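Undergrad: Could you work out the structure for the sequence below:
(2 chains)
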Amino acid sequence: MTVASVGAVTTTLILVGAFLALMLNLNQVAGNIEEDVEIKALVEVTADEAQVDEIRQKIDDIPEVASVDYSSKEEELNGLIESMGEQGETWEMFEQDNPLNDAFVIKTDDPLDTFDVASEIEGFENIQEVNYGEDVVQNLFRFNKYARNIGLALIIGLVFTAIFLISNTIKITIMARSKEIGIMKLVGATNAFIRWPFFIEGLLLGILGSVIPIAVIISGYYYLDANVSQLITFDFVSLMPFNPFAWQLSLIILGIGAVIGVWGSVMSVRKFLKV
Amino acid sequence: MIDMQGVYKTYPNGVTALNGIDVRIEQGEFVYVVGPSGAGKSTFIKMIFREEKPTKGTVIVNDYKLHDLKWKKVPYLRRNIGVVYQDFKLLPKMTIFENVAFALEVIEEGPKVIRKRVMEVLDQVGLKNKARFIPDELSGGEQQRVAIARAIVNHPQLVIADEPTGNLDPETSWEIMKILEEINASGTTILMATHSKEIVNTIKKRVIAIEDGIVVRDEHRGEYGYEI
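TA: The predicted structure follows:
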């Protein structure tokens, strides 16, 4: 029974750890992308300088806008050539006859306002097109939300299973000592006095159950950090650094293990104290 | 010391054990509780150290109002009451010393105080030289003396004995009675449930007879009054 309950805590905590690692990393990626979300408003080629200034003024007046940068079509082309690297050279021929538009790059104070601001700008005169990579962002947010909900449901279910098993284990210890507890009550022991050995037992079961998960998390994350991060080349996607992330995660796992153990023991002792 | 007024007790399964009990017991008294089995003796006794709560009525013990005493306060009530059972209720794996010390450990006395006081009471019940034995190595009478030692080790004002001689032969029973009388002589109230006609009729004390959940007789220097 002891093995079973420690095993339950171990399984629970490994899954909790994996989910936490996944979720926190997804959150970080989503956060990075959120930070990077910017609206690009392309100005009609026919617009003259005065009209461009007018657009800038109107964008500036939107309260949610944090910054507006103007980028002429020459600057746009240079940026494009740079980002393409070697292949960019083929674009150099367009320098004579630039097909690109002048553009405004807009950032909002809160990334969640991106959509509203973008559609407002889209309505301005002399704006040809507004882009902000909506699909990528929204899909990521949605995926993140689902992953979080499913993970949370699973974790809660597992935590309760582990608590139940621990409380059963401790119940057996208590039954074995029920005579002793009865005599303790008889001679005037307080509930706290009777409870603490079981409290310690629960705590130990929980902590014991978190040893393997912590080892798994530290070594697994170390492996991921060493091997997988190099495969990811987008600069906005990066794993949380091993140090301190893996240690923080281990601490959380230890904490959850301890709480599960203590909770399980408190649950099973409670019934026996009403004598 | 003990004051019960209009006490009723109906268990959740519908059995009515007490049917309106009025009893007053003063500090220093020695009281026998007699009556046929199942008449409510045990429930009456359990009321006093709050193992059971009255359905109706008031129970006051040592100024504690037991009818509405909070669970948290119960341990402190029990520290003033020593309880002795027919089956001794000793812990088999502990030595005699440890069994008696147990009652002081749970109230978190210091080890020096415990040692001194435990040897004192073991001396009082005549078992000083058996402190290192375990209960199984002792006779029934000796085990009951250990239980008595444990009951009085923290100087309670009241000792409740539920058929303390029920498992003992007559000769040993007299030893136990002698110890209980000595404890009573030092001012401790003794409340003893018993089926022993011989004891009640020989060592004359106050007798409370309970039948069908009510007190049918309450007399000083009373008789047992039942044919066994």
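
Undergrad: count of residues packed around B:Ser139?
TA: By the measure other Cβ atoms under 10 Å in any protein chain shown, the count of residues near B:Ser139 is 11. Where you see a C-beta, it was placed from the backbone N, CA and C, and this is true even at glycine.

Undergrad: what pairs with the residue lying closest to B:Lys205 once chain neighbours are set aside across the strands?
TA: Nearest in space to B:Lys205, with sequence neighbours left out and distances taken as Cβ to Cβ, 6 or more residues apart in numbering or on different chains, is B:Phe30 at 4.4 Å. Beta bridges link B:Phe30 to B:Ile190, judged by DSSP bridges.

Undergrad: tell me the contacts of B:Phe30?
TA: Contact partners of B:Phe30, counting by Cβ atoms under 8 Å, 6 or more residues apart in numbering or on different chains, are B:Leu180, B:Glu181, B:Asn184, B:Thr189, B:Ile190, B:Met192, B:Lys205, B:Arg206.

Undergrad: Export those residues as a markdown table, with columns for secondary structure and neighbour count.
TA: As requested, those are exported to a markdown table (DSSP: H, G, I helix; E, B strand; the rest coil; neighbours: other Cβ atoms under 10 Å in any protein chain shown):
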| residue | secondary structure | neighbour count |
| --- | --- | --- |
| B:Leu180 | helix | 23 |
| B:Glu181 | helix | 13 |
| B:Asn184 | helix | 18 |
| B:Thr189 | strand | 23 |
| B:Ile190 | strand | 22 |
| B:Met192 | strand | 26 |
| B:Lys205 | coil | 17 |
| B:Arg206 | strand | 17 |
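
Undergrad: between those residues, which is closest to A:Leu77?
TA: Ranked by distance to A:Leu77 (Cβ to Cβ), these are led by B:Thr189 at 104.5 Å.

Undergrad: hang on, the earlier thing: can the contacts of B:Phe30 go into CSV with extra columns for distance to A:Arg148 and pLDDT?
TA: Formatted as CSV, the contacts of B:Phe30 follow (distance: Cβ to Cβ, whole Å; pLDDT from 0 to 100):
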residue, distance to A:Arg148, pLDDT
B:Leu180, 69, 95
B:Glu181, 74, 95
B:Asn184, 71, 95
B:Thr189, 66, 96
B:Ile190, 68, 96
B:Met192, 67, 95
B:Lys205, 75, 94
B:Arg206, 73, 95
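
Undergrad: now, which of these sits nearest B:Lys53?
TA: Using Cβ to Cβ, those come closest to B:Lys53 at B:Thr189, 21.4 Å.

Undergrad: isn't the closest one right up against B:Ile25?
TA: Yes - under the criterion of Cβ atoms under 8 Å, B:Thr189 makes contact with B:Ile25 at 6.5 Å.

Undergrad: tell me the phi and psi of B:Phe88?
TA: Note on B:Phe88: its backbone torsions stand at phi 70, psi -40 [degrees, to the nearest 10].

Undergrad: Now flag whichever of the contacts of B:Phe30 is closest to A:Asp110.
TA: For the contacts of B:Phe30, the closest approach to A:Asp110 (Cβ to Cβ) belongs to B:Thr189, at 76.2 Å.

Undergrad: List the residues that contact the nearest residue to the closest one once chain neighbours are set aside.
TA: Leaving aside its chain neighbours, B:Thr189 sits nearest to B:Leu158 (4.5 Å; criterion: Cβ to Cβ, 6+ apart). For B:Leu158, the residues meeting the contact criterion (Cβ under 8 Å, 6+ apart) are B:Met1, B:Ile2, B:Ile48, B:Val61, B:Asn62, B:Asn80, B:Ile81, B:Gly82, B:Thr188, B:Thr189, B:Ile190, B:Leu191.

Undergrad: Which of these fall in strands?
TA: Per DSSP state E, strands hold the following members of these: B:Ile2, B:Val61, B:Ile81, B:Gly82, B:Thr189, B:Ile190, B:Leu191.

Undergrad: show me the contacts for B:Ile214.
TA: B:Leu18, B:Asn19, B:Gly20, B:Ile21, B:Gly40.

Undergrad: Report the buried members of the residues you listed.
TA: Among these, those classed as buried by 16 or more other Cβ atoms under 10 Å in any protein chain shown are B:Leu18, B:Asn19, B:Ile21, B:Gly40.

Undergrad: can you tell me which helix in chain A is longest?
TA: helix A:134-176 (DSSP state H).

Undergrad: That one close to chain B?
TA: No - applying Cβ under 8 Å from any Cβ of the partner chain, one finds helix A:134-176 separated from chain B by no less than 11.4 Å.

Undergrad: Please see if the following helix or strand past that helix touches chain B.
TA: Of the helices and strands lying after helix A:134-176 in sequence (DSSP states H and E), the nearest is helix A:178-186. Yes - using Cβ under 8 Å from any Cβ, we find that helix A:178-186 touches chain B at A:Lys179, A:Glu180, A:Gly182, A:Ile183, A:Met184, A:Lys185, A:Leu186.

Undergrad: Report how many residues lie close to the second one.
TA: Same thing as A:Glu180. Neighbours around A:Glu180, by other Cβ under 10 Å: 15.

Undergrad: for the first one, same thing?
TA: Other residues within reach of A:Lys179 by the criterion other Cβ under 10 Å amount to 13.
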